[in-house]
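[1] Structure for the following, please:
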Amino acid sequence: MRIRTEIVKEVVDSSCADLTRVFVAIYESGSLTAAGRRLFVTQSAISQSLARLRRELGDPLFERTAQGMRPTALAEAIYPELHEGLSVIDRTLAAVTGFDPSTSERTFRIALSELGEIGWSPAIGEAMAAAAPRARLAVSALRREDLEELLTRGSVDLAITPMELPGAFERQTVKREGYRVVMSAQNPLAETEMTLEVYRGARRVWVEGDSSASVLAGVHARQGVSDPPAISVQHVASLPPLLARSTTLIATIPETLAVGWSRSWPLVIRDLPFALGPVELHLYRRRSPQHTGALDWFFATVSAAVSGFPGGFEGIHIAS
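    Okay, the predicted model is just below:
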């Protein structure tokens, strides 16, 4: 569909700037109620603004479905330009008015895996306490199935994950992590060369919710490691005691985690018997253009904290 640039320009540049915010909020949240909460106005006000937009653009823009407000073809087409236009406006205003973290009382939200929460929350919390002592940090569980939606709707500000999100999210690679094999020092395999054949025949334990599980599963499939794991667990913290007390189990985990655990548990580390390049962890930021000054600051603060901190994974140590 060819979009008339003059229509987009009219909406952004005229007195309809507030209507543009309503459009973007509905598009990203998928709900009139959620859009109202985001913009601090009533649902009735959102409905009135949407009605005016529909009249001016000659298109329904959104259709009500069981899943929420579904954008029309025109709405899909003009959203990128309207979103970018609001981002430019908000950044310009932020440059004039400024964002002062020392006085901010905002709640900043980041989605982290269990490992990310254990490894990086201390560094992120310290960085925020130093620069924004009155601000609050809320950590949400990282769920692969709805992460793109959460970032699109602005339910979370940032997320750290090895996932490749299909949307046009701004991101920065903050860490590259290798993987190693870990087992009890009492496991007979600790005295054996870890060949591919040995690895395939070993009893493996698997963390179901690990954000890198899909990456490792793909490598296993290519290497012919087709048998399901002997044990699947939900939490990374359950691995050290499970491995330490077993004479048969092995686990494939991030190298920094393996090194940290080996300092507190009777575990040994072995190289993988197949090639697995470092897994890249990306810091993503939400797409919503609201409060870009605060978001820019949070993104830079988390990036610096995570990039300069190896991860406090040795903190996972229950007395053995």
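[2] list the buried ones in stretch 119-129?
    For stretch 119-129, a neighbour-count test (16 or more other C-beta atoms under 10 Å) marks 119-121, 123-124, 127-128 as buried. (Glycine included, C-beta is placed from N, CA and C.)
[3] now it: mean pLDDT?
    Confidence for stretch 119-129, expressed as mean pLDDT, is 92.
[4] tell me how far that stretch is from the chain's mean position?
    Computed by C-alpha atoms, centre = their mean, to the nearest Å, the separation of stretch 119-129 from the middle of its chain amounts to 16 Å.
[5] same deal with stretch 238-247?
    Put simply, stretch 238-247 sits 29 Å off its chain's centre (C-alpha atoms, centre = their mean).
[6] How about stretch 31-40?
    Stretch 31-40 sits 23 Å away from the centroid of its parent chain (C-alpha atoms, centre = their mean).
[7] and what of stretch 173-181?
    16 Å.
[8] what does stretch 148-160 give?
    On C-alpha atoms, centre = their mean, the centre of stretch 148-160 falls 7 Å from the chain's centre.
[9] do the same with stretch 263-273
    From the chain centre to the centre of stretch 263-273 is a distance of 29 Å (C-alpha atoms, centre = their mean).
[10] May I see the buried residues of that stretch?
    Those would be 264-265, 267-268, 270, 272-273, for stretch 263-273 by 16+ other C-beta under 10 Å.
[11] any chance of those in CSV, plus distance to residue 146 and pLDDT?
    CSV is the format used below for the buried residues of stretch 263-273 (distance: C-beta to C-beta, whole Å; pLDDT from 0 to 100):
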residue, distance to residue 146, pLDDT
264, 35, 88
265, 34, 92
267, 34, 95
268, 38, 96
270, 36, 95
272, 31, 93
273, 35, 93
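[12] just those residues now: which is nearest residue 302?
    Lowest distance from residue 302 to the buried residues of stretch 263-273 (C-beta to C-beta) belongs to residue 264, with 27.4 Å.
[13] can you tell me the helix or strand for residue 240?
    Assigned by DSSP states H and E, residue 240 belongs to helix 239-244.
[14] which residues of this protein fall in strands?
    Counting by DSSP state E, one finds strands in the chain at the ranges 62-65, 68-71, 107-112, 136-141, 158-161, 171-177, 179-184, 203-207, 231-233, 249-254, 267-270, 279-285.
[15] Any chance of JSON lines for the ones you listed, columns distance to residue 56?
    Listed next are the strands of the chain as JSON lines, based on distance: least, C-beta to C-beta, whole Å:
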{"stretch": "strand 62-65", "distance to residue 56": "14"}
{"stretch": "strand 68-71", "distance to residue 56": "16"}
{"stretch": "strand 107-112", "distance to residue 56": "34"}
{"stretch": "strand 136-141", "distance to residue 56": "37"}
{"stretch": "strand 158-161", "distance to residue 56": "35"}
{"stretch": "strand 171-177", "distance to residue 56": "35"}
{"stretch": "strand 179-184", "distance to residue 56": "54"}
{"stretch": "strand 203-207", "distance to residue 56": "52"}
{"stretch": "strand 231-233", "distance to residue 56": "54"}
{"stretch": "strand 249-254", "distance to residue 56": "52"}
{"stretch": "strand 267-270", "distance to residue 56": "64"}
{"stretch": "strand 279-285", "distance to residue 56": "31"}
